[in-house]
Each structure stands twice: as C-alpha cells, then as structure tokens.
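Participant: build me a structure from this.
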Amino acid sequence: MKNIDKIAQHITKHGTKDILIHAILGTKNWIVCQKIKQDNWLVTLLDPMGNTTYNLGILTENQHIGLWKEIIMEELEHKANQILLAKELKKNSGLLKSNENKKCSKCGAETTFDNDLHCRSIFVEEINKLLLSKEFIKAKDYYFSQSFDNSWKESFLNNKCGEFRRLVVEELEKNDENQKESVSPSTDKGLRTSHCYVCKRYLDNFTNAECEKCGWIICPCGACGCGCDYD
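Facilitator: Purely as a prediction, here's the structure:
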C-alpha cells in the first residue's frame, strides 16, 4: 500500500486534528508529524507515492513547534528568493520598472512589490502564524475575511492540508448550500447556464444569483464578472 493511501486511511479513521503534513521544498518527499502522546510527536519522512517510511524520532511539543517554524521560514525564504530572482531577470532584460513611489494596488501602502503582492505576503504570513499556533478556526475566518483574486486564493488553499483546509472547504460547501436555498427560481426571465471561469463549476440563474453590477451568474466560490480579467 502506498504511503499516501495509508495517510488517507488514518485521516478517514482519526481525522486531521493530531497530524501535520508538509512537502519538503525541492524534493518529492513529505515530512509527517503525528501526535502520539500529550506532549510527544512522532516525526517521519516519506515519499507519498512509495511504501517506505523513515522514522526521524520523537519530539516534544516545544521541539515540534521549533521544527515547524524552521519549515515555514524556509518556505517563505524560498518564495522570497524566487521573487528577487524574477525581479533581477526583469531588470537585466530592461523590463523592470522603477521601484520609486510604488503603491500596493489593494491597500495603497508604499512598497517595493508590484500590484497587491504586498498584501498577499501579509496574508500568507498571517495564515502561517495562525497555523503554527494551531488556531485553525481563526485562520479559516481570516482566509474568508480577506479579498483577493479568487484563482490565487484557490491555488493558495490547494497548497495547504490538514484541519485548516478541511474547515475552509466545509465553509465553502456550506455557503454553496445556503446560496442554493436562498435563491428562488426566476419566473420573469429565461434560463441562463454557464460555467465558473475560476473553479469550472456548472452555473444557472435558477439556482444561482446574478450580480446586480456585472450581470454575471455568481458562483458559490464568489467569482463573477466583476473580478474577471478580460485581457
């Protein structure tokens, strides 16, 4: 049995409360931390598509928190280096615009980042801090409180796993159901059907509401014509 199937069976049986999984940058391996006692975590290294697991030892709660701090900092540093590399390449090719007087397109703060990358970096850092503190509900609430491009938020969520992802997905499904219950079929206009340009979900104006501003059918994921980049 593949390691990923074993993990899926464990989560199905015991849930995600006492297990944390993170992909190791630059490799195909995962590091898995599983709580075995009140203050002890078993740490293993594995290839999700293989069937061999390497036992890295048992950590205390404080050691475990330190490990995850290192993992998150390494990931943030890696992403920051990618951004710097991209800027350097643009500069060398004569395409880099001046960094003077740049402002975040979302909050208006002065920054060296393009567009709304300033606010996105704050969003990622805040989510990671909450996950490190195991404040999964607060992380979920913060996720929904911040407005960004829907496709980017979906991509961010797809790179997460465990309790946080489960809570967000449940909230999305709940919103989907609530919208279906609250929207009654239209009787004064014909049926319109479409597909969401973000999540590819089937839509119709009998089940889903229409945006009063752009006229598009609103997807349960929140996407409508207002956020579409026509270019």
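Participant: now the nearest residue to Asn205 once chain neighbours are set aside: how far from Glu210?
Facilitator: Spatially, and ignoring its direct neighbours in sequence, Asn205 is nearest to Arg192 (4.4 Å; Cβ to Cβ, 6 or more residues apart in numbering). All C-beta spots, glycine's among them, are computed from the backbone N, C-alpha and C. Applying Cβ to Cβ, to the nearest Å, one obtains 8 Å for the distance of Arg192 from Glu210.
Participant: the more surrounded of those two?
Facilitator: Neighbours per residue (other Cβ atoms under 10 Å) separate Arg192 from Glu210, with Glu210 holding more: 18 against 15.
Participant: what's around the closest residue to Trp152 other than its chain neighbours, how many residues?
Facilitator: Of all residues beyond its chain neighbours, the one nearest Trp152 is Arg120 (7.3 Å), with distances taken as Cβ to Cβ, 6+ apart. If you count neighbours by other Cβ under 10 Å, Arg120 ends up with 19.
Participant: helix, strand or coil for Arg120?
Facilitator: Going by DSSP: H, G, I helix; E, B strand; the rest coil, the secondary structure assigned to Arg120 is helix.
Participant: find the centremost residue of this protein, please.
Facilitator: Taking Cα atoms, centre = their mean as the criterion, Leu157 is the residue nearest the geometric centre of the chain, at 1.9 Å.
Participant: what pLDDT does the residue nearest to Trp152 get?
Facilitator: The score at Arg120 is 86. That number is its pLDDT.
Participant: check Asn178 too.
Facilitator: The predicted local confidence for Asn178 comes out at a pLDDT of 65.
Participant: thinking again about what came up before, and the residue nearest to Asn205, what does it touch?
Facilitator: With contacts defined as Cβ atoms under 8 Å, 6 or more residues apart in numbering, the neighbours of Arg192 are 204-205, 217.
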